[in-house]
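Colleague: the following comprises the amino acid sequence and a computationally predicted model.
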Amino acid sequence: MYRDLRLRALQEAPDAFGSSFAAEAMRSDPAWAQRILAATTSGKDCPLFAFDGEQVCGLIWCKLSADEPSRADLYQMWVAPEARGQGLGHALLEAAVDWARMKGCRQVHLGVTAADSPALRLYQGHGFRAIGPLEPLREGSPLMAQAMVLGLPH
């Protein structure tokens, strides 16, 4: 389920991620299984899925920073086109931020492709603000990414 959703996201929205379909599609099935098993047992990762009935249609991954104990990072945020407009992005984002807060984090960080996009507006609507200069989205891409942060009051 995770593999299929992640690969679909990379194909549908290739300019939204630091990774690429080509890079991720090379992973073996055991590597995908190990990745999700490690995440669900580490206590430092929180992959969250959205469902429309029985169909998985969204993903966000929250990870505690190894270098900064009071920081969490968000990755892999995506909602399938047919499920957009139902509030799933909001629900995924809120659940990830709630998990980071429960883990004692003071900040949540993410990167978003620098463009006027629904993703950027979603993050801004939840209080994320831009920090630092734009950086390349990934090697070989002309697109830039903006780092954002959300402070979590305690």
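Modeller: Nice, I can see it. Numbering: from 1, shown residues only.
Colleague: measure how buried the residue nearest to L137 when sequence neighbours are not counted is and give me the count.
Modeller: Spatially, and ignoring its direct neighbours in sequence, L137 is nearest to L143 (4.2 Å; CB to CB, 6 or more residues apart in numbering). No exception for glycine: its C-beta is placed from N, CA and C like everyone else's. If you count neighbours by other CB atoms under 10 Å, L143 ends up with 14.
Colleague: which ones are touching L143?
Modeller: D15, T113, A114, A115, P136, L137 (CB atoms under 8 Å, 6 or more residues apart in numbering).
Colleague: so what's the residue count around the third one?
Modeller: This points to A114. Neighbour count for A114, taken as other CB under 10 Å: 15.
Colleague: most surrounded residue in the contacts of L143?
Modeller: Ranked by neighbour count (other CB under 10 Å), the contacts of L143 have L137 at the top, with 21 neighbours.
Colleague: surely it meets A147?
Modeller: No: under the criterion of CB atoms under 8 Å, L137 is not in contact with A147, lying 11.7 Å apart.
Colleague: just the strands in the chain please.
Modeller: 45-52, 55-64, 71-79, 107-113, 129-136, 144-151 (DSSP state E).
Colleague: turn the ones you listed into CSV, including mean pLDDT.
Modeller: As requested, the strands of the chain are arranged in CSV below (pLDDT from 0 to 100):
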stretch, mean pLDDT
strand 45-52, 96
strand 55-64, 97
strand 71-79, 97
strand 107-113, 97
strand 129-136, 94
strand 144-151, 96
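Colleague: most packed of those?
Modeller: Among the strands of the chain, strand 71-79 has the highest mean neighbour count (mean count of other CB atoms under 10 Å), at a mean of 22.
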